[in-house]
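> Generate coordinates for the sequence data below:
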Amino acid sequence: MTTRLTVADFFCGAGGFSEGFYQAGFDIKFCLDNWKLAIKSHDLNHPNCKSVIMNILKIVFDDVNSKNYIDNIVPDTDIIIGSPPCVSFSNSNKSGKADKTLGIQLFEQFLRIVLWKLTKGKCKYWIMENVPNSLKYIKDSYTWDELNLPKLESDNNPSLDIPQKNILVASDYGAPQIRKRGVCGNYIIPKKKKKKLLFVIF
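Here you go, the predicted model:
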């Protein structure tokens, strides 16, 4: 019997990102979103997944006695995925000139969780997706201190390197739409599918 790799999904919404991984053979173990209705939908789509309704910014890393301590909330999984809200970075919001403060805070909290689980858990791969414009606000590397994580016993605090930053087009992978997404993380780039020609006769 083959053991399936496990996935934690942040900003999960109704479960679209989770569903893609599920259909590819992964085991969706955990999801988090602050919208109750979205979590209800995710529960219907993935009933065996542990779901949490909360603001991701409330997760703490320095108080093991807190109910919001990361390891009390987030289980160890092989893969972490996330789709933070794109409102701050979308060109449709004030022509792309909207305030980025909250969007960057959400990005950095997600990256904080990733680095924590890469260091103290069993996470091997991670991926974050958003609108293409968001990639401008993601650095190539973040130190432990930059992400405001608590000091470790060792002086060699790890860093989070971001080896992949790509703009992927949905139609290259079999979806019937030309939708571009900015994708970053540590992941294997999927192979593009051959496009079928569509002839329309009038």
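
> where does the protein dip in pLDDT?
1-2, 91-93, 95-96, 195-202 (pLDDT under 70).

> which residue packs closest to residue 21, ignoring adjacent ones?
Excluding its sequence neighbours, the residue lying closest to residue 21 (C-beta to C-beta, 6 or more residues apart in numbering) is residue 7, at 5.1 Å. Every C-beta, even on glycine, is put in place using the N, C-alpha and C of the backbone.

> which SS class is that neighbour?
Secondary structure, DSSP: H, G, I helix; E, B strand; the rest coil: residue 7 is strand.

> the helices in the chain, which residues?
Along the chain, counting by DSSP state H, helices occupy 16-23, 36-45, 70-73, 101-120.

> Other residues contacting the last one?
In this structure, residues lying in contact with helix 101-120 by C-beta atoms under 8 Å, 6 or more residues apart in numbering are 8, 10-11, 56-57, 59, 61, 70-71, 74, 76-77, 80, 82, 84-89, 123, 126, 128, 134, 137-138, 142, 144, 147-149, 152, 158-160, 185.

> so how far is residue 62 from residue 188?
From residue 188 over to residue 62 the distance is 33 Å, taken as C-beta to C-beta, to the nearest Å.

> Neighbours of the residue nearest to residue 21, how many?
Neighbour count of residue 7, defined by other C-beta atoms under 10 Å: 25.

> Pull out the buried members of the contacts of helix 101-120.
For those, a burial check counting by 16 or more other C-beta atoms under 10 Å picks out 8, 10-11, 56, 59, 61, 70, 74, 77, 80, 82, 84, 86, 88-89, 123, 126, 128, 134, 138, 142, 144, 147, 149, 160, 185.

> from those, which ones fall inside strands?
Using DSSP state E, the subset of those located in strands is 8, 10, 80, 82, 126, 128, 142, 160, 185.

> Any idea what the first one is bridged to?
Just to be clear, that refers to residue 8. residue 30, residue 80 (DSSP bridges).

> is it true that it touches residue 79?
Yes. Using C-beta atoms under 8 Å, residue 8 is in contact with residue 79, at 7.3 Å.

> ok, now how distant is the residue sitting nearest the centre point of the chain from residue 174?
Centroid-nearest residue in the chain: residue 82, 1.5 Å away (criterion: C-alpha atoms, centre = their mean). Taking C-beta to C-beta as the measure, residue 82 falls 23 Å from residue 174.

> Distance to residue 179 for the helices of the chain - can I get that in TSV?
Listed next are those as TSV, based on distance: least, C-beta to C-beta, whole Å:
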stretch	distance to residue 179
helix 16-23	12
helix 36-45	20
helix 70-73	32
helix 101-120	20
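
> Residue 168: which of these is closest?
helix 16-23 (12.2 Å; C-beta to C-beta).

> And that closest one, what does it pack against?
Packing partners of helix 16-23 (3 or more C-beta pairs under 8 Å, 6 or more residues apart in numbering; DSSP states H and E): strand 6-10, strand 27-33, helix 36-45, strand 79-82.

> May I see these arranged in TSV, with distance to residue 116 as well?
Shown next, in TSV, are those (distance: least, C-beta to C-beta, whole Å):
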stretch	distance to residue 116
strand 6-10	12
strand 27-33	14
helix 36-45	23
strand 79-82	10
